[in-house]
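Asker: fold the following and give me the result.
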Amino acid sequence: MPRRITLAIDLGHHVLRAAQVRPGRPCRVVSTLFERMPDELDRSDAGAVGRTLAGAMSRAGMTAGPAVFALDRSITSFKRISLPTTDPDELPDMVRLAVERDLPIDAEEAVIDFTVLGRQDDATLVEAVAVPRREIDRIREVADAAGLTVVRIAPRCHGSLRLADS
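Answerer: Have a look, this model is predicted:
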């Protein structure tokens, strides 16, 4: 059984934000973090950012655990699409084809995912998101350096919803 998410991490350009929760009903926030990144930190060095995150979490009394990481919305592309199928096996390929047409980057460099919003008659409405693969890889590198397990990566607006839903 997968471990329940206990951390929400938001790596801003200048600020580290995190919340640690005790899962359950109700979900309880046990610790929060809001700390400015040091000016001398090389933000392009994922390992250095991860070590900085780990130090900040330690000072905030947070422990490592399964985490959802928030993606900056400025690097994500969203698209709401109505697809002419209700077959769940056809959806991934149909979403990919529909999203790839409008991507500002090479399709091979993108990670594409989707959520089914609803079905009606012979169509499925989905919300698709595309993110440059390098951003996903960077988050994983930061998490490794911080000693965290990445359970989910979600656009910033969706991160808190996923955490509350676990």
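Asker: most distant residue from the centre of this structure?
Answerer: residue 121 (31.8 Å; CA atoms, centre = their mean).
Asker: shaky segments in the chain?
Answerer: 1-3, 157-166 (pLDDT under 70).
Asker: the helices in it, which residues?
Answerer: 46-59, 91-100, 133-146, 156-165 (DSSP state H).
Asker: in a markdown table, list these along with distance to residue 67.
Answerer: C-betas here are computed from N, CA, C, even on glycine. Output for the helices of the chain, formatted as a markdown table (distance: least, CB to CB, whole Å):
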| stretch | distance to residue 67 |
| --- | --- |
| helix 46-59 | 10 |
| helix 91-100 | 25 |
| helix 133-146 | 7 |
| helix 156-165 | 9 |
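Asker: just give me the neighbour total for the closest residue in space to residue 4 that isn't next to it in sequence.
Answerer: Excluding its sequence neighbours, the residue lying closest to residue 4 (CB to CB, 6 or more residues apart in numbering) is residue 23, at 4.2 Å. Counted with other CB atoms under 10 Å, the neighbours of residue 23 add up to 15.
Asker: how far away is the residue nearest to residue 52 when sequence neighbours are not counted from residue 141?
Answerer: Among residues not flanking residue 52 along the chain, residue 41 sits closest, at 5.7 Å (CB to CB, 6+ apart). Using CB to CB, to the nearest Å, residue 41 is found at 15 Å from residue 141.
Asker: likewise for residue 78?
Answerer: In terms of CB to CB, residue 78 sits 25 Å off from residue 141.
Asker: neighbour-wise, which of those two wins?
Answerer: Per other CB under 10 Å, whichever of residue 78 and residue 141 has more neighbours is residue 141, with 15 against 12.
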